[in-house]
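Q: sharing a model prediction with you, sequence too.
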Number of protein chains: 2
Amino acid sequence: MPIMKSWLASANQPDCPFPLNNLPCGVFSHGAAAPHCGVAIGDQILDVTAMEAAGLLPLADEPVLQQPEWNGLMAQGPAVWKRLRIMLFGFLAEGSELKAQIEPFLHPQAGARMHLPFRVAEFTDFYAGRHHAFNVGTMFRGAENALPPNWLHIPIGYNGRASSVVVSGSDVRRPWGQLKGPDDAAPRFAPCLRFDHELEMGAVIGQPSQNGQPVSVAEADAMIFGYVLLNDWSARDIQAWEYQPLGPFQAKATATSISPWIVTREALEPFRTTTPAREKPLLPYLHEPGPMLYDIELEVELTPRGGRPQVIARTNYREMYYSAAQQLAHHTTSGCAMRVGDLIGSGTISGPERGNRGSMLELSWGGKEPLELEDGQSRSFLEDHDRLTLRGLCRGDGYTIGFGDCTGVVLPALSDPYAR
Amino acid sequence: MPIMKSWLASANQPDCPFPLNNLPCGVFSHGAAAPHCGVAIGDQILDVTAMEAAGLLPLADEPVLQQPEWNGLMAQGPAVWKRLRIMLFGFLAEGSELKAQIEPFLHPQAGARMHLPFRVAEFTDFYAGRHHAFNVGTMFRGAENALPPNWLHIPIGYNGRASSVVVSGSDVRRPWGQLKGPDDAAPRFAPCLRFDHELEMGAVIGQPSQNGQPVSVAEADAMIFGYVLLNDWSARDIQAWEYQPLGPFQAKATATSISPWIVTREALEPFRTTTPAREKPLLPYLHEPGPMLYDIELEVELTPRGGRPQVIARTNYREMYYSAAQQLAHHTTSGCAMRVGDLIGSGTISGPERGNRGSMLELSWGGKEPLELEDGQSRSFLEDHDRLTLRGLCRGDGYTIGFGDCTGVVLPALSDPYAR
């Protein structure tokens, strides 16, 4: 698929993450204006809320973009998602006679404030990266028992906390929690000492499923509206003490950051790729009818306060053992209903080499092998004022697809969390 | 606290669960009418949505009861919760001059259809019953290692699935899932064979907390609007295979039933009682400034198809080791924001004796000691067409407070969950 040319010159640059082929969905505002739904194109944002209000974007019988969230559009279903995409081609393609009509609805990305692109109904996080699961398992149980017995059969996941999902750019405050080292006589309540990131992709569920009715992998894939970058901030010391027997809880509840733009499934179609070879056969309900992963290059960048940005990991979404469609299908096996706006985290995406690891826990091997940074600094876990940035990129034929940076700065813990 | 008399005679019967002292909040409809917010009084339901629309119930500057859910009223905060209660006293108390004005807003409970009383924002389930944790731990790890090391320090909880919460009276279909016995070579996908109930109370969160800001136990208590009965249906065989390392997932996602009525915290005040003696000192952030549990008698009734109802367990909410306020305070330690409409499950409530056990898993000791029923039947786990009913009761001075039955019938599994 080659680049589709737009009359907006900035969209046609080969390294612009927002060509006409992309058209990702976000929510933006300028100054004191109310947040609107917008679509990124080149270095601009097209205000589709205002276009719909002006009668220029008749997507459905009722307005669907008059709230500062994409849930209304998502609820309309795949035919309307496609309608929007085709209409935007009509407005923005090179030579369109509609150029003058929509130029007033373009706003520069520079200076725009980005908001959460959708209202998160529920958030589920998986553990579906083969290398991550193996690395973490090796640290805790040794290489021979690294993978839990169910791992090659079940996309292992747990319910997270939707209220903790924030948009890129939100600061993240180091949490307090119960900590207890293996040699401590009793736990203490203190700020987290092993604060970490997790490089993930998130699938945004655009269509619901019915209570009591499992969905197939093909049906699950069709329910996905698009994908975001996702950083599941994690407090490793809180996690170690709390997670048995019912799984991670407060260790994962401080914040989960997502990219400002949802890249639609349609924009990602040219980048579909298969999951890796199965090490054990999957049960039929998890069989994929076609390629369900995407070739998305990923990187993690760390910027110490006053220091220079440094890429600390590079990997690819195609490293996942389970696709989002498989995870979603598994999620409904019990009859669990899915909702418009559900967010499905992939699990940490690591690759086979040290430079491919998607968390500090893996990069520093639990703190045993601190990561050396420029300027003589090193990191076992994240330090206060560190800025973490995730980036994702699909390379097309003469164009690229991006998600916008997914970034956050670690603020110091509150000195007294109960002071008012 | 003696009974408060109403001009509605049925509310003054000593065994009526809905005297003027109670005034629980539900959502009801008759025939094809739209669901309205209602308050139970005697054998009637007072249509407070219609009263507010008629200008008879000026609770706030804006209408707060014009949606079929109590979230709007809850979001107003404790002063408005109290305002409603006092105004309803004014309408319903013996001798009220307003009797004639509100009689048209009373509808018989008989024949009313009850709906979910509030929109569940997020659902968290805890594991805070000492006897339940000990029983389950003994079955899996032996009596000496029954309690996990963190259990006496942390109210252990996990995030559940809000979309699975249903109101009493909803049928519950036996789920499919991945099953693997310890001697099986590989898992299979099949209907659950060990389907179970869990007797719990649920705390309904009526006020939000801020992201990044933990709340104290006292603040947490003040955020609770009221309590419901809660049955967390559980697939024990799915749970056994899936739950390591990240906790229960699909085993708990089929359904969670709650009672049709939210009994407000205010109605429960006379029944406050303390948590049991601490076996190990708690960290200060979990200290309770006063009694935070409630004396609520609980029972579980099983009705086989065509058989008679039989009470299979009796216990009391005061058996919990941690209160809902402690659970909620812990839930915010990481900075996790709470929302209006969050639901906090207590964990299974068992007592010290066999007859006090709140799940079939415990009653039949993992299936090893099947429970003998009348008519020569026995149960290791729930069978198709079994009806399970939870009841809760506070005994006041000449009156009782009830929640309405929390009931559900187990439907057989779908023969092919992917047939369309």
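A: Right, received. Where do you want to start? Keep in mind it's a predicted model, so treat the numbers as computed, not measured.
Q: and the gap between the residue of the stretch 201-350 of chain A found nearest chain B and A:Thr348?
A: When scored by C-beta to the nearest C-beta, the stretch 201-350 of chain A has A:Gly247 as its residue closest to chain B, at 2.4 Å. To be clear about C-beta, it is placed using only N, CA and C from the backbone, and glycine gets the same treatment. Separation of A:Gly247 from A:Thr348 (C-beta to C-beta, to the nearest Å): 15 Å.
Q: what about A:Ala53, distance to chain B?
A: Per C-beta to the nearest C-beta, to the nearest Å, A:Ala53 is found 25 Å from chain B.
Q: repeat that for A:Asn159.
A: 4 Å.
Q: got a list of what that residue touches?
A: Contact analysis of A:Asn159 by C-beta atoms under 8 Å, 6 or more residues apart in numbering or on different chains lists A:Glu122, A:Phe123, A:Thr124, A:Asp125, B:Tyr158, B:Asn159, B:Gly160, B:Arg161, B:Phe249.
Q: and it, what's its pLDDT?
A: Note on A:Asn159: pLDDT of 98.
Q: can you report phi and psi for it?
A: Torsion angles at A:Asn159 (phi, psi; degrees, to the nearest 10) stand at phi -80, psi 130.
Q: excluding chain neighbours, give the residue nearest to it in space.
A: B:Asn159 (3.9 Å; C-beta to C-beta, 6 or more residues apart in numbering or on different chains).
Q: show me what the one you found is bridged to.
A: Beta-bridge pairing for B:Asn159 (DSSP bridges): A:Asn159, B:Thr124.
Q: correct me, but the residue of the stretch 201-350 of chain A closest to chain B touches A:Tyr158?
A: Yes - the criterion here is C-beta atoms under 8 Å, and A:Gly247 meets it with A:Tyr158 at 4.7 Å.
Q: which helices and strands does the lowest-mean-pLDDT helix or strand in chain A pack with?
A: Ranked by mean pLDDT, DSSP states H and E, the helix or strand of chain A with the weakest confidence is helix A:130-141, at a mean of 92. Counting contacts by 3 or more C-beta pairs under 8 Å, 6 or more residues apart in numbering or on different chains; DSSP states H and E, helix A:130-141 packs against helix A:360-363.
Q: the helix it packs on: what's the following helix or strand?
A: Note on helix A:360-363: by DSSP states H and E, the next helix or strand toward the C-terminus is strand A:371-372.
Q: and that next one, what does it pack against?
A: The contact analysis (3+ C-beta pairs under 8 Å, 6+ apart) places strand A:371-372 against strand A:378-379.
Q: now for the strand it packs on, which elements pack on it?
A: In terms of contacts (3+ C-beta pairs under 8 Å, 6+ apart), strand A:378-379 is packed against strand A:371-372.
Q: residues from the stretch 201-350 of chain A in reach of chain B?
A: Those residues of the stretch 201-350 of chain A that sit near chain B, judged by C-beta under 8 Å from any C-beta of the partner chain, are A:211-214, A:216, A:235, A:238, A:241-251, A:253-255, A:280, A:283-285, A:330-331, A:333-339.
Q: coming back round to it: the least confident helix or strand of chain A: how far from the chain's middle?
A: Mean-position distance between helix A:130-141 and its chain equals 22 Å (C-alpha atoms, centre = their mean, to the nearest Å).
Q: swap in stretch A:216-231?
A: Taking mean C-alpha positions (C-alpha atoms, centre = their mean), stretch A:216-231 and its chain are 11 Å apart.
Q: so how far does that stretch reach from one end to the other?
A: Chord length of stretch A:216-231, first to last residue, is 28 Å (C-alpha to C-alpha, to the nearest Å).
Q: list the buried residues in it.
A: The neighbour-count check on stretch A:216-231 (16 or more other C-beta atoms under 10 Å in any protein chain shown) flags A:216-217, A:219-221, A:223-231 as buried.
Q: contact partners for the residue nearest to A:Pro63 when sequence neighbours are not counted?
A: Nearest residue to A:Pro63, sequence neighbours excluded (C-beta to C-beta, 6+ apart): A:Glu52, at 5.7 Å. For A:Glu52, the contact set (C-beta under 8 Å, 6+ apart) comprises A:Pro58, A:Leu59, A:Pro63, A:Val64, A:Leu65, A:Gln66.
Q: switch the cut-off to 7 Å
A: A:Glu52 makes contact with A:Leu59, A:Pro63, A:Leu65, A:Gln66, according to C-beta atoms under 7 Å, 6 or more residues apart in numbering or on different chains.
Q: make a markdown table from the residues you listed and add pLDDT to it.
A: Output for the contacts of A:Glu52, formatted as a markdown table (pLDDT from 0 to 100):
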| residue | pLDDT |
| --- | --- |
| A:Leu59 | 98 |
| A:Pro63 | 98 |
| A:Leu65 | 98 |
| A:Gln66 | 98 |
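Q: which among those gets closest to chain B?
A: Using C-beta to the nearest C-beta, A:Gln66 is the member of those that lies nearest chain B, at 19.0 Å.
Q: the closest one touches A:Val48, doesn't it?
A: No - with contact defined as C-beta atoms under 7 Å, A:Gln66 does not reach A:Val48; the gap is 10.4 Å.
Q: the two: who's more crowded?
A: Taking other C-beta atoms under 10 Å in any protein chain shown, A:Gln66 and A:Val48 do not tie; A:Val48 has more neighbours (27 against 13).
Q: quick one: that one from chain B, how far?
A: With the distance defined as C-beta to the nearest C-beta, A:Val48 ends up 28 Å from chain B.
Q: need the pLDDT of that residue.
A: 98.
Q: which residues touch it?
A: Taking C-beta under 7 Å, 6+ apart, we find A:Val48 in contact with A:Cys37, A:Gly38, A:Val39, A:Leu57, A:Leu65.
Q: excluding sequence neighbours, find me the nearest residue to A:Gly137.
A: Setting aside the residues directly before and after it, A:Gly137 is nearest to A:Ala146 in space (C-beta to C-beta, 6+ apart), at 3.3 Å.
Q: what's that neighbour in contact with, if anything?
A: Listed by C-beta under 7 Å, 6+ apart, the contact set of A:Ala146 reads A:Phe134, A:Gly137, A:Thr138.
Q: how close does it sit to A:Lys180?
A: From A:Ala146 to A:Lys180 the distance is 24 Å (C-beta to C-beta).
Q: what of A:Leu98?
A: In terms of C-beta to C-beta, A:Leu98 sits 63 Å off from A:Lys180.
Q: the two: which has the busier surroundings?
A: Neighbour count, other C-beta under 10 Å: between A:Leu98 and A:Lys180, A:Lys180 has more, with 19 against 14.
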